[in-house]
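In: Fold the following.
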Amino acid sequence: MASSPPYPPYPGAAPGGTPRHPHWWQRPAVRYGAMVTLLALSGLVILALVREQTGTRGFLVGLGLAVLPVPLLLAAFRWLGRVEPGPWRNLLFAFAWGACAAALIAIVANSFATRWIATATADPAGADTLGATVIAPVVEETAKAAAVLLLFLFRRRDFHGILGGVVAAGFTATGFAFTENVLYLGNAFGTDQLTGGSGIASVTAATFFVRIVMSPFAHPLFTVLTGIGFGAAALAADRQRVRRVLLPLAGLLLAMGMHALWNGSATLGQFGFIAVYGAFMVPAFGLLTWLVVWTRQRELRTVRTELPAYAVAGWLRPAEPFALGSMRARRLARKFAREHGGRPAARAVAQYEAYATSLAFLRHRGRAGKAGADFVTRERELLLELWRRRAAARPALEHAARLTAPPVPYGAGWAYGPVPARWPAQGQPPYPAYGENPYRR
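Out: Alright, predicted model coming up:
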C-alpha cells in the first residue's frame, strides 16, 4: 500500500517500478481494434433486426422520434462529469455499447427466453409477463453493466469515484434506451399503418408520450444504480477485495429490482403504471439526482482541499486551487483562454483542469491509504502534464479567480482562495516565477 508524501516529490526524483512490455493482446491497438469490430458488427446486426421488425418507414419514424431525448440526457450526464471530464472515447464506447452490443444481447436473449418459457409451459401470455418482469430486467441490466465493468477494469485511471460510475452508466443506458425506443416507436407506427390510427389517439402518439415524454430517464435511472456501485468500489482500497466485488453486485441487483418493478407496473391493474410512476419512480429520480449533485459538490471541495499542497510546493499558483474548485471559475478560465489564445489555448486550459482534478483525487486517496502501488509514478505524470500546459492555464485561472473570489492574505502578497495548512520551508521561494522551474537547483 502506498500513501502520499506531505509534499510532491521533486521532478528529478526517480519514478518507482520498471515498465514491462505488454503481451500482444494487451497492446492498445489490438484492444481498440477488437472493440471497434465488435461494436460495428453488433450495430449492423441490431440495425438489420430492428428494420426487419419495424419496416423501413417504421424504422425511420422510430429513429426520428427516439433521438429527441438523447442530446438532453447526454448533456445532463456530461454536466455531472464536468468536475473531472473523462475522455470522449470512454463516453462514446459506453453509448455505442448500450445502443449496439447491449441492445443486441437483450433482443436475442429476451426473445429466446420468452419462447422457451412459452413452449415449456404452454402459456404464451404468462411467458410474456414473466419475460417482461423477470427475464428482461436481469438480461438488460447485466448487458448494460458490462460496459461499466469494462471501463472499471481497463480505464481505471479515468474512473475515480461515484460520478465516474454515474456518467458511464448514464451514457450506456441512454444508448440502450435509444435503440429500444426506435424499436417500440417503429412497431407502434406499423400498428397504426395497419389499423388506420392517426393523431393523438394513435398508438405512436401514446408510445411517444409514455417513453419519450414521461419516462426518458427510466433506463438511465436503473443503470445509474449499477454505476454508483462501481463508483463506490473505485473508492475502496485495493486490499478491500470483497467490498470491491459486493458493491457493484449490490448496485446491479438494485437496478434489476427497480427495472422489474417498472416493467411489472403494467400488470398491476388500470392505474398500476401511474401509481408506480408517481409513488416510486419520480421520488427515486429526485433522490438520485440530489445524491449525484451533492457528490459533485463534494468532489469540488476535495479539489479545493487537496491542491493547496501543490501550490505551496510551487507546482500551482496560489489562486489555482480555488479556481479549480469552482465550476464557474473553470468556465471563465476557458472563456478567457479562448478569447486571448483561441481554441488551442481553451483546450489546454480544459486539459489542465482535468489533470489537476485527477491529481487532487489521487492525493485524496493516497492520504486515506487507498492509493495503488503506482501512486508516485501517477502523481509525477499528472504534475508534468500540468507543467506542460502552465503557460496557457495559469493566466486564465488567475483571471477567473479574481472574478469569482475576494482577495485574502497569502504570505507577503495576496492570492485568491484558501490558505494552505503548511508553508514552504524557510529559505525556499514560496512560488515560482512564470516560466521558471521551481525545483531547479
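
In: rest of the way, CA atoms for contacts and neighbours
Out: OK.

In: Geometric centre of the chain: which residue is closest?
Out: residue 167 (2.1 Å; Cα atoms, centre = their mean).

In: Please report the distance of that one from residue 228.
Out: Per Cα to Cα, to the nearest Å, residue 167 is found 9 Å from residue 228.

In: would residue 197 count as being in a helix?
Out: No - counting by DSSP: H, G, I helix; E, B strand; the rest coil, residue 197 is not part of a helix but coil.

In: Okay, it and residue 213: tell me how far apart.
Out: Taking Cα to Cα, one finds residue 197 at 20 Å from residue 213.

In: who's more crowded, these two?
Out: residue 197 (17 against 13; other Cα atoms under 10 Å).

In: What is the burial count for the closest residue to that one other than its chain neighbours?
Out: The shortest distance from residue 197 to any residue other than its chain neighbours is 7.1 Å, reached at residue 203 (Cα to Cα, 6 or more residues apart in numbering). For residue 203, the count of nearby residues is 21 (other Cα under 10 Å).

In: doesn't residue 127 make contact with residue 117?
Out: Yes - here residue 117 reaches residue 127: they are 5.5 Å apart, a contact under Cα atoms under 8 Å.

In: ok, the two, which is more surrounded?
Out: The neighbour comparison of residue 117 against residue 127 (other Cα under 10 Å) goes to residue 127, with 21 against 17.

In: Low-confidence stretches in the stretch 251-400 of the chain?
Out: Counting by pLDDT under 70, the ranges of the stretch 251-400 of the chain that qualify are 270.

In: just the stretch 1-150 of the chain next, same as before
Out: Looking at the stretch 1-150 of the chain by pLDDT under 70, you get 1-26.

In: on that earlier part again, my guess is the residue nearest to residue 197 contacts residue 189, does it?
Out: Yes - if you go by Cα under 8 Å, residue 203 and residue 189 touch, sitting 7.1 Å apart.

In: Now do the longest helix seen in the chain: which elements does it pack against?
Out: When the chain is parsed with DSSP state H, its longest helix is helix 327-367. Packing partners of helix 327-367 (3 or more Cα pairs under 8 Å, 6 or more residues apart in numbering; DSSP states H and E): helix 282-306, helix 320-324, helix 375-388, helix 390-404.

In: Quick one: work out the angle between the first one and helix 327-367.
Out: Here helix 282-306 runs at 80 degrees with respect to helix 327-367, directions being taken by axes from the mean of the first three to the mean of the last three Cα atoms, to 10 degrees.

In: Which residue ranges of the stretch 1-150 of the chain form helices?
Out: Secondary structure of the stretch 1-150 of the chain (DSSP state H, counting those that start in this stretch): helices at 28-66, 70-80, 88-96, 103-121, 124-130, 136-154.

In: what about the ones you listed, which gets the closest to residue 266?
Out: Of all those, it is helix 124-130 that lies closest to residue 266, at 9.3 Å by Cα to Cα.

In: just to revisit the earlier point, right, so of the helices and strands packed on helix 327-367, which gets closest to residue 70?
Out: Going by Cα to Cα, the one of the helices and strands packed on helix 327-367 nearest residue 70 is helix 282-306, 17.5 Å.

In: quick one: contacts for residue 236?
Out: 243-244, 370 (Cα atoms under 8 Å, 6 or more residues apart in numbering).

In: The closest residue to residue 167 other than its chain neighbours: what's it in contact with?
Out: In space, and not counting its chain neighbours, residue 167 is closest to residue 77: 5.4 Å by Cα to Cα, 6+ apart. Counting by Cα under 8 Å, 6+ apart, residue 77 touches 166-167, 170-171.

In: burial measure for residue 39, as a count.
Out: Neighbour tally, residue 39, other Cα under 10 Å: 19.

In: what do you get for residue 91?
Out: Using other Cα under 10 Å, residue 91 is surrounded by 21 other residues.

In: ok, now which ones touch it?
Out: So residue 91 contacts 168, 171 (Cα under 8 Å, 6+ apart).

In: circling back: nearest to residue 389 among the contacts of residue 77?
Out: Using Cα to Cα, the contacts of residue 77 come closest to residue 389 at residue 167, 26.5 Å.

In: Could you list every helix and strand that the strand or helix carrying the closest one packs against?
Out: Assigning secondary structure by DSSP states H and E places residue 167 in helix 162-195. Under the contact criterion of 3+ Cα pairs under 8 Å, 6+ apart, helix 162-195 touches helix 28-66, helix 70-80, helix 88-96, helix 103-121, helix 136-154, helix 203-208, helix 218-235, helix 282-306.

In: which of the residues in the longest one are buried?
Out: This means helix 28-66. For helix 28-66, a neighbour-count test (16 or more other Cα atoms under 10 Å) marks 39-40, 42-43, 46-47, 49-51, 54-55, 58-63, 65-66 as buried.

In: ok, back up a step: which one of the helices and strands packed on helix 162-195 lies nearest to residue 350?
Out: Nearest of the helices and strands packed on helix 162-195 (Cα to Cα): helix 88-96, 13.1 Å.

In: relative to helix 28-66, how tilted is the closest one?
Out: Using the same axes, to 10 degrees: helix 88-96 against helix 28-66 is 50 degrees.

In: May I have helix 88-96 as CSV, with CA atoms only?
Out: Listed next in CSV are the C-alpha coordinates belonging to helix 88-96 (Å, rounded to 0.1, in the frame of the first residue of the first chain):
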residue,chain,number,x,y,z
TRP,A,88,-14.6,11.2,-25.0
ARG,A,89,-13.6,7.8,-26.3
ASN,A,90,-14.8,6.3,-23.0
LEU,A,91,-18.2,8.0,-23.3
LEU,A,92,-18.5,7.1,-27.0
PHE,A,93,-17.7,3.5,-26.1
ALA,A,94,-20.3,3.5,-23.3
PHE,A,95,-23.0,4.9,-25.6
ALA,A,96,-22.1,2.6,-28.5
